[in-house]
Each structure stands twice: as C-alpha cells, then as structure tokens.
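**Student:** okay, predicted coordinates and the sequence, questions at the end:
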Amino acid sequence: LDRAALSRAQTPQTFRLGPIRAAHRAAAGAEMTDDVAVAQAAGLSVALTPGDEANVKLTTQADFVAAAARLEGTDPMEYRSGSGFDVHAFGEGDAVVLCGVRTPHARGLQGHSDADVGMHALTDAIFGALAEGDIGRWFPPSDPQWKGAASHIFLDKAVERVAARGGRLVNADVTLICERPKIGPLAEAMRARLAEILKVEVDRVSVKATTTERLGFAGREEGIAAMASVSLALPEGGA
C-alpha cells in the first residue's frame with residue numbers, strides 16, 4: 001500500500017451521536033473496519049486532527065499499569081535483547097524464500113521447513129529475548145507436520161508469545177550473509193513482510209546483507225547464513 005495515503009488512527013473516534021447511530025443502523029451486517037468507515041459509507045464528512053501518543057486507550061490491565069507508571073514518572077517496562085543465527089545449504093530448486101519473499105534463483109535452500117534462513121534467525125532472536133528456547137523446542141524437526149511448513153508460522157508463534165506476556169517489539173534487525181541472490185533490490189519487500197508479521201511499523205524493521213568476500217561456505221555459495229537481533233519491552237515482573 002502507498003503509505004502516503006495511510007493514516008494511523010487513535011481510538012475512540014468522535015462523532016455526533018445521532019448521525020453515527022443512524023450510520024451504524026444503515027450499515028448493519030456490512031463488514032467495516034471502524035467507525036470512520038461506517039461514517040464515510042453513510043456520506044458523513046470525516047476530518048483528521050493531530051493525536052497525542054501519550055493519550056492511550058486503556059483496555060487491558062497492562063494498559064492501566066503503564067498509565068499509572070507514566071503518571072508516577074516511572075517506566076513499567078524492562079527492555080530485553082535477543083540474538084539469533086541460522087544457516088541453510090543450497091540444494092535442488094529454482095527459488096529461495098528469504099524473510100518471507102520468494103526469489104527466483106538457480107538453486108533452492110534445503111531444510112525441514114521452507115528454509116527461510118532470515119525468518120528462522122529472527123524467530124530465534126525473539127524466543128531468546130523471552131528466554132523461551134528456540135525454534136527446535138517449539139517446532140521440532142522430528143515432527144512431520146512441520147515438513148515444508150512456511151516459516152511465518154514460526155515467527156507468528158514468537159510474536160504471539162511476546163503479546164501473551166504483555167510485551168511489544170521495539171525493533172528487529174536481520175543481516176543476510178550470502179553472495180547471491182542480491183538482497184538490496186529485495187530488502188524493502190522483506191522489511192514490509194516482516195513488519196506485517198511482527199505487527200509493527202516498517203521503520204522498526206531492518207533487513208540488510210553482507211558477503212564474506214568469497215571466504216567460507218557462504219563465499220563459495222554453498223549456502224546462506226543469517227543473523228538477527230531484537231529488542232523487546234516487557235512488563236517488569238510479568239508472567
């Protein structure tokens with residue numbers, strides 16, 4: 001999507017009661033994302049006004065804890081970092097999947113799943129920051145149900161675990177180590193795909209690449225390696 005045409009809206013959104021109630025009645029049964037969509041469908045005019053990041057909506061208990069801490073001038077979150085590393089060898093195939101983006105290539109990557117080395121490293125980095133093991137613990141390669149699985153399943157679980165503990169991802173950084181394919185032209189698509197899965201803004205996700213100057217297995221184009229690091233914010237003393 002063209003980000004220039006997108007806005008991030010805070011809730012609740014404000015309307016005069018009579019018109020928005022009538023708009024909701026008229027839209028009964030229709031699938032709409034929020035009150036603005038309902039209002040626009042009814043022909044009501046909608047205006048955007050500047051928001052304030054500090055004016056957060058209080059929904060969960062964690063929201064109330066965070067709000068109380070802000071009022072007291074303290075930070076209720078602890079910050080953790082995690083790192084991940086993964087390697088997959090080249091084998092038969094005509095494409096590779098890297099950070100969720102399928103790219104034509106002379107060979108594929110071998111692995112029990114789709115061998116997305118970048119997403120595997122990132123998933124392990126998140127599990128590491130949580131101190132909850134690694135991909136092998138959550139998705140053992142001995143289990144046939146993960147044969148050929150799309151790696152976003154693994155990253156989805158890591159993101160789910162962060163949310164379950166009341167945390168949020170601050171940023172993620174992935175480095176792909178290979179001679180080919182060239183990552184530069186694909187980096188933005190990779191960032192967008194990872195941000196989508198991580199449920200964060202794209203500017204919190206970095207994807208970059210390096211070579212080993214023709215040294216080692218990556219330099220000989222025998223495989224691809226990836227390193228990843230993340231920062232998480234978790235409630236102090238949380239589960």
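**Tutor:** Good, I have the coordinates. Residues are numbered from 1 along each chain as shown.
**Student:** wait, a strand at A226?
**Tutor:** Yes. Counting by DSSP: H, G, I helix; E, B strand; the rest coil, A226 falls inside a strand.
**Student:** that one against H120, yeah?
**Tutor:** Yes. Between A226 and H120 a contact is recorded at 7.1 Å, counting by C-beta atoms under 8 Å. No exception for glycine: its C-beta is placed from N, CA and C like everyone else's.
**Student:** what do these two both touch?
**Tutor:** Listed contacts common to A226 and H120 are 84, 86; contacts here mean C-beta atoms under 8 Å, 6 or more residues apart in numbering.
**Student:** export the worst-scoring helix or strand of the chain on mean pLDDT to PDB, keeping only CA atoms.
**Tutor:** When the helices and strands of the chain are scored by mean pLDDT, DSSP states H and E, helix 61-72 comes last with a mean of 81. Presented in PDB, the C-alpha positions along helix 61-72 are these (Å, rounded to 0.1, in the frame of the first residue of the first chain):
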ATOM      1  CA  GLN A  61      -4.700  -4.500  32.900                       C
ATOM      2  CA  ALA A  62      -1.200  -3.900  31.400                       C
ATOM      3  CA  ASP A  63      -2.600  -0.600  29.900                       C
ATOM      4  CA  PHE A  64      -3.600   0.600  33.400                       C
ATOM      5  CA  VAL A  65      -0.200  -0.400  34.900                       C
ATOM      6  CA  ALA A  66       1.600   1.500  32.200                       C
ATOM      7  CA  ALA A  67      -0.600   4.600  32.600                       C
ATOM      8  CA  ALA A  68      -0.100   4.600  36.300                       C
ATOM      9  CA  ALA A  69       3.700   4.400  35.800                       C
ATOM     10  CA  ARG A  70       3.600   7.300  33.400                       C
ATOM     11  CA  LEU A  71       1.700   9.400  35.900                       C
ATOM     12  CA  GLU A  72       4.300   8.500  38.600                       C
END
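**Student:** and stretch 88-97, which residues are buried?
**Tutor:** For stretch 88-97, a neighbour-count test (16 or more other C-beta atoms under 10 Å) marks 88, 90, 96-97 as buried.
**Student:** and the helices in the chain?
**Tutor:** Listed in chain order, the helices of the chain (DSSP state H) span 17-26, 35-41, 61-72, 117-130, 135-138, 152-164, 187-198, 216-219.
**Student:** mean neighbour count, the ones you listed: which tops it?
**Tutor:** Most buried of the helices of the chain by mean neighbour count (mean count of other C-beta atoms under 10 Å) is helix 117-130; its value is a mean of 26.
**Student:** list the residues that contact the residue nearest to G93 when sequence neighbours are not counted.
**Tutor:** Sequence neighbours aside, G108 is the residue nearest to G93 in space, at 1.9 Å (criterion: C-beta to C-beta, 6 or more residues apart in numbering). For G108, the contact set (C-beta under 8 Å, 6+ apart) comprises 90-96, 115.
**Student:** how far away is the most centrally placed residue in the chain from R214?
**Tutor:** Nearest to the geometric centre of the chain sits L198, at 1.4 Å (C-alpha atoms, centre = their mean). According to C-beta to C-beta, to the nearest Å, L198 stands 33 Å off from R214.
**Student:** what does V87 give?
**Tutor:** 17 Å.
**Student:** go on, V159?
**Tutor:** V159 is 36 Å from R214, by C-beta to C-beta.
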